[in-house]
Every structure is written in structure tokens, then in C-alpha cells.
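Q: A structural model of the following input is requested.
(one chain, ligands or ions: 1)
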Amino acid sequence: MPQQGLQQRTSWPPVVTNERGHLVIGGADAMDLVERFGTPLYVLDEQAVRVRCRAYREAMGGAGVIAYAAKALCTQAVLRIVDQEGLWLDLVSGGELHTALAAGFPPERVLLHGNNKSDEELRLAVETGVGRVVVDNFHELERLAAMARRFGRRVRVLLRVAPGVEAHTHEFIRTGQQESKFGFDLATGQALEALEHTLAEPYLEWYGFHCHIGSQILAVEPWEQAARIMMDLAAVAHQRTGQVMRELDLGGGLGIRYVPGDEPPSIEETVRRIRAAGGGGGGGARPPVPGRIRGPGRSIVGEAGVTLYTVGSVKRVRGIPAYVAVDGGMADNPRYALYRALYSAVLANRPLEEPRERVCLVGRYCESGDIVIPELDLPVVEPGDVVAVFSTGAYNYSMSSQYNRFPRPAMVLVRDGEAEIIVERETYEDLLRHDRIPPSLQSNE
Ligand SMILES: Cc1ncc(COP(=O)(O)O)c(C=O)c1O
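A: You can find the predicted model right below:
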């Protein structure tokens, strides 16, 4: 419910305004945030993140755990929130694990993924005692077993499987198809072979199978299909080895709203239907129902984020949408350049004004592909206006770069109108931090 004095438009994007007619995010006036912290600015609504963590936990009930996929947005403050909400973490690199440990996240609630984990990452996982290592291939299986033996530590293992499910999403974020680079192939028997190898290793403890079929998925059926396939695999594994799968991890991937018309199923419906699919256990030769793990990222933080930019220039040429250039772009949000991802936006300083022109929202990077939103209807835009782009909480900051040597933006966390920095704005000095001029170049002669 909007607070007193605030108005909320119900259609997408979710525009809340205050008595000054400004956009409000997490109770804070967007223009005040701009004045205080500058632009470009990532803004994260803390309550929106917590609400989604709770929705997932409640939907899962006692049937298993929700592991936040930190690849969507990984900062110490975000991981603290996730920890407070009692979720686990789904991590894919030593850097993410280091961030989690620095944030005080308990390693036993961490799952470590990755299709090419380094020895250093495996060592860190074994030494710190992460909850599960999700093994992706035979080579890793051998290296992990050797590492576990070396440290004399038992490691709980899930095996990643490519289940042969095609999710209807962009090909670059589809991962469950048979020819995927991720996981043991199901059709050719690799998954069972990997299980047999795991069971032969005294320091590896097999907990179950994992699959992740893709991201920004707007229908439940592909997961229901994946759940059934994985339960069939568990039944065959049981027959073949006598082992019971304790956990089934179906990854993440639930889509969010980016533009009008995006209608993802709710968190509750998704979790409930997937739990039901293939989970009958019961009669016949089927083993008991395993504990469930889900690894959502985007659907926890995506809609909780808004990026604020200042318009620097407007180029109007008759016959084409006006180029509205903002002070950010493909380095803080590469998703249009990567997968033609679409977004919605309004002017934060006058969000309720009627649209009057069609614009192409571009950034300040030296690429024609530096597009934030290719077609957007806005009031007549002028330099100095502030553009708010919605649903940028996931895969924006975490995919950002310093391309063209622009320092990365700051990120603030807003709650009940209060804002706090959770990522400092980078400076020019940060750009030079890792540069070295070797002795051979130090003299100008
Ligand atoms: C193994 C795994 N789990 C979870 C996720 C999170 O997906 P999403 O952010 O779409 O929920 C990904 C994303 O690529 C993934 O590869």
C-alpha cells in the first residue's frame, strides 16, 4: 500500500509519486536521491527484496530451501539481507564466495556452482566447508575428490544435469538444453556415470541432482517438465545404485516484469506447482520425495532496482525517434547490447506527464549499440531531466564494467524514505588502481 500523500499507478511500470509530483522509490523522493548521491545511481528498495525472499520461503514451507543466486546482484549489504531472511546462497565464483564470507554469511548455507571452477575455488569451498558443491563435469569431480581427500573433509555434492528441456527465453540465457555447456548429459548416460564415480569417492557425499533450465522464464511448464525428468532420473539412479536422492535442486529462472505485457506467474504459484510436479513419490519403485532447492536471483532483486540517469543531450532528426542521451548506458546496463532486453522508464522529475514523443534512450559510450531502451514514449525531454529505468536490480551492477574508463555508479539502499550507500561511486583513482607502468616505460626519453 502506498504511504499517505503518495499516489500509485497500478499499470506497469509501478509509478509512485509524492506531493511534489516526483517519482518515489522505497518511500524516498528520487530527485532528492539524485541531489544527494548524483547520477547514474542504482537504487535498491530493501523492502521489495525482503518481500520476495519471504514469498519464496513461505511458498517452500518446510519442503526445502531457497538459495538466492547472487550472480543477479552480489554486494555485502544484499547478502546480509538475504541472510537475515534465512535464505541460502547460490554462488558461482571465488569472488562471490569471498563476498559472502566477508559479509558474515554462514558457509554451510552456500551452494557453489560453476562449469569451470579453479583449484583455488575448490580449495576455498572445501576449506571453508560450503554446504554443497554442485559438480558440473568429470574433470571437476576428480579434482574435488582429490581436494577433499587432501583436507580430510567430506564434501556434500549435487550433480548438475542438462535435462534436455528447452525454455522459451533468449538463447544466451537458456541452459537446460542437451547441447548446453553446463552439466552432465542426461541422454547419453553421463549423469548416472557421474553418480557412480561420486559414490566411489570416500570423501564425497552425494545429496542429489541439480538442473537450471534458463532465465527470465514466464511459464511454469518447463520446470514441471524438468522436475518430472529429474525424478525419473532419481528413480533410475535408485534402481541402479540403491541410493536415494535427498535433494533436488531445480535452479532459478523465474521471470520478472520489464515491459507492459510481461506477466510472470507468481512466486507462490511457481514454487507450488514445481513442488507438485513429479514429486508424488508414493507407490511403485519410486524413491521418497527429496528435499527441494530453488535458486532464484532475478525474481528476488530485479524489480526491486531502479536506475536513475541525468539526460545530457537530445538529438532530434525528423523521421526517427529522438536520441535522448543519459550519463550511463551499456557499461552499467549491458542487457540490451547482450540480449536485446527491454525496459520501461519514466522521467523521475515529472513521471505523470503525458508522453509526447518517441525517443531512443542511449548512453554515453562510444558504440552505436550503446542503447538502454530502443523505443520509449516520454514527455518532451530536455537536458537535465532525470530518467528512471525500472527493473534494473538484477544483472545490471553485477554485469557492469568500466568501459571507456567511466567509473561505475554508486548504489543506495532505500527503506521507509531513508537511503544509505551500499556501493560507493567509483572514482578516477579507482580506474588507475591496478594500472602499473613498468620500469621500461618510466622514462620519457
Ligand atoms: C545455476 C543457476 N542457478 C540460478 C540462476 C539464477 O537465475 P535467475 O536469476 O534467472 O533466477 C542461474 C542464472 O544463470 C544459474 O545459472
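Q: where does the residue in the stretch 51-200 of the chain that the ligand sits nearest to fall, phi/psi-wise?
A: Of all residues in the stretch 51-200 of the chain, the one sitting closest to the ligand is residue 69 (3.5 Å; CB to the nearest ligand atom). All C-beta spots, glycine's among them, are computed from the backbone N, C-alpha and C. Taking degrees, to the nearest 10, you get phi -80, psi 100 for the backbone angles of residue 69.
Q: gap between the nearest residue to it once chain neighbours are set aside and the ligand?
A: Closest residue to residue 69 apart from its sequence neighbours, by CB to CB, 6 or more residues apart in numbering: residue 297 at 3.2 Å. To the ligand, residue 297 is 3 Å away according to CB to the nearest ligand atom, to the nearest Å.
Q: returning to what we had before: what's the separation between the residue of the stretch 51-200 of the chain closest to the ligand and residue 18?
A: Residue 69 is 34 Å from residue 18, where distance means CB to CB, to the nearest Å.
Q: repeat that for residue 8.
A: Taking CB to CB, one finds residue 8 at 11 Å from residue 18.
Q: higher neighbour count, these two?
A: Neighbour tally, residue 8 and residue 18, criterion other CB atoms under 10 Å: the higher count belongs to residue 18, 20 against 12.
Q: what is the burial count for residue 35?
A: Residues lying near residue 35 (other CB under 10 Å) number 9.
Q: typo on my end, it should be residue 115
A: If we define neighbours as other CB under 10 Å, then residue 115 has 15 of them.
Q: residue 52 too?
A: Residues near residue 52, counting by other CB under 10 Å: 24.
Q: elements contacting the top strand by length along the chain?
A: When the chain is parsed with DSSP state E, its longest strand is strand 305-315. Under the contact criterion of 3 or more CB pairs under 8 Å, 6 or more residues apart in numbering; DSSP states H and E, strand 305-315 touches helix 30-37, strand 41-45, strand 322-326, strand 386-390.
Q: how about these in JSON lines, adding distance to the ligand and mean pLDDT?
A: Supplementary listing: the helices and strands packed on strand 305-315 in JSON lines, determined by distance: least, CB to the nearest ligand atom, whole Å; pLDDT from 0 to 100:
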{"stretch": "helix 30-37", "distance to the ligand": "25", "mean pLDDT": "98"}
{"stretch": "strand 41-45", "distance to the ligand": "15", "mean pLDDT": "99"}
{"stretch": "strand 322-326", "distance to the ligand": "25", "mean pLDDT": "97"}
{"stretch": "strand 386-390", "distance to the ligand": "17", "mean pLDDT": "98"}
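Q: redo the ones you listed as TSV? Include distance to residue 199.
A: Shown next, in TSV, are the helices and strands packed on strand 305-315 (distance: least, CB to CB, whole Å):
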stretch	distance to residue 199
helix 30-37	54
strand 41-45	43
strand 322-326	55
strand 386-390	48
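Q: of these, which is nearest residue 371?
A: Residue 371 lies closest to strand 322-326 among these, at 9.7 Å (CB to CB).
Q: residue closest to the middle of the protein?
A: Among the residues of the chain, the one closest to the centroid is residue 72, at 2.1 Å (CA atoms, centre = their mean).
Q: what score does the residue lying closest to that residue once chain neighbours are set aside have for pLDDT?
A: Beyond its immediate neighbours in the sequence, the residue positioned closest to residue 72 (CB to CB, 6+ apart) is residue 297, lying 3.1 Å away. Model confidence at residue 297, given as pLDDT, is 98.
Q: so how many other residues sit close to residue 297?
A: Neighbours of residue 297 (other CB under 10 Å): 25.
Q: sorry, back to before: and of the helices and strands packed on strand 305-315, who's closest to residue 342?
A: It's strand 386-390; of the helices and strands packed on strand 305-315, that one is closest to residue 342 (CB to CB) at 10.6 Å.
Q: who's in contact with that closest one?
A: Applying CB atoms under 8 Å, 6 or more residues apart in numbering, the contact partners of strand 386-390 are 13-14, 23, 25, 30-31, 34, 39, 258, 303, 306-311, 324, 326, 333, 343-349, 351, 361, 372-373, 378.
Q: now the element after it, going C-ward?
A: strand 410-415 (DSSP states H and E).
Q: please enumerate the helices of the stretch 251-400 of the chain.
A: Shown for the stretch 251-400 of the chain, the helices assigned by DSSP state H, counting those that start in this stretch span residues 267-276, 298-301, 335-339.
Q: dump the residue contacts of the closest residue to residue 336 other than its chain neighbours.
A: Nearest residue to residue 336 in three dimensions, chain neighbours excluded: residue 371, at 4.9 Å (CB to CB, 6+ apart). For residue 371, the contacting residues are 329-330, 336-337, 360-363, by CB under 8 Å, 6+ apart.
Q: 7 Å - rerun?
A: Listed by CB atoms under 7 Å, 6 or more residues apart in numbering, the contact set of residue 371 reads 336, 360, 362.
Q: can you list the helices of the stretch 251-400 of the chain in TSV and add distance to residue 291?
A: TSV is the format used below for these (distance: least, CB to CB, whole Å):
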stretch	distance to residue 291
helix 267-276	11
helix 298-301	20
helix 335-339	33
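Q: could you look over those helices and pick the most buried one?
A: helix 298-301 (a mean of 29; mean count of other CB atoms under 10 Å).
Q: helices or strands up against it?
A: Counting contacts by 3 or more CB pairs under 7 Å, 6 or more residues apart in numbering; DSSP states H and E, helix 298-301 packs against helix 46-60.
Q: can you check what angle separates the helix it packs on from strand 41-45?
A: Calculated by axes from the mean of the first three to the mean of the last three CA atoms, to 10 degrees, helix 46-60 forms an angle of 50 degrees with strand 41-45.
Q: residues making contact with helix 46-60?
A: 26, 66, 81-82, 85-87, 267-268, 271-272, 292, 294, 296, 299-301, 303-304, 413-415.
Q: show me which residues of it are buried.
A: Neighbour-count burial for helix 46-60, counted by 16 or more other CB atoms under 10 Å, picks out 46, 48-53, 55-57, 59-60.
Q: what's the answer for stretch 357-371, then?
A: Buried residues in stretch 357-371, counted by 16+ other CB under 10 Å: 359-365, 370-371.
Q: go through the helix or strand harbouring residue 81 and flag the buried ones.
A: In this assignment (DSSP H and E), residue 81 forms part of helix 76-84. Neighbour-count burial for helix 76-84, counted by 16+ other CB under 10 Å, picks out 77-79, 81-83.
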